[in-house]
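# this one's sequence-less:
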């Protein structure tokens, strides 16, 4: 992998990191609810179906936030690997990760074979 390739991938990772970090801030701002909102204290007028919909929406937002935080951690690890010179090498078997895989998923830390094994476990 050339220095230019690394620079392009680093820039893509940094841009994605900024986007994901902004998403997390949005999730945190949306998640700021008062105790009475969470407990349903003020929702006695709402129909049970409306309360169920609101609960589902909150749970979906929490799931998306967890996923965003996991993605941010993966990006941070990829940036650290670029900095220490280990980027592009599978963390499990130490084989090179295909350039096509890194272009598609710059945060990837496993080669395709190790990723396939991980998903089948």
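It's in. Quick caveat: nothing in here was measured; it's all calculated off a predicted structure.

# Residue 114 sits in which helix or strand?
Using DSSP states H and E, the element containing residue 114 is helix 112-120.

# which residues sit in contact with residue 27?
By Cβ atoms under 8 Å, 6 or more residues apart in numbering, residue 27 lies in contact with 61, 64-65, 68. (Each C-beta comes from the backbone N, C-alpha and C, glycine too.)

# so which of those comes closest to residue 13?
For the contacts of residue 27, the closest approach to residue 13 (Cβ to Cβ) belongs to residue 68, at 15.0 Å.

# okay but the closest one is in contact with residue 25, surely?
No. Shown here, residue 68 and residue 25 do not form a contact pair, counting by Cβ atoms under 8 Å, at 10.0 Å.

# the more surrounded of the two?
Ranked by neighbour count (other Cβ atoms under 10 Å), residue 68 and residue 25 place residue 68 first, with 19 against 11.

# could you measure that one against residue 22, distance?
10 Å (Cβ to Cβ, to the nearest Å).

# mind listing what's buried in the helix or strand hosting residue 54?
Assessed by DSSP H and E, residue 54 sits inside helix 48-84. Residues of helix 48-84 classed as buried: 65, 68, 71-72, 74-75, 78-79, 81-82 (neighbour count, 16 or more other Cβ atoms under 10 Å).
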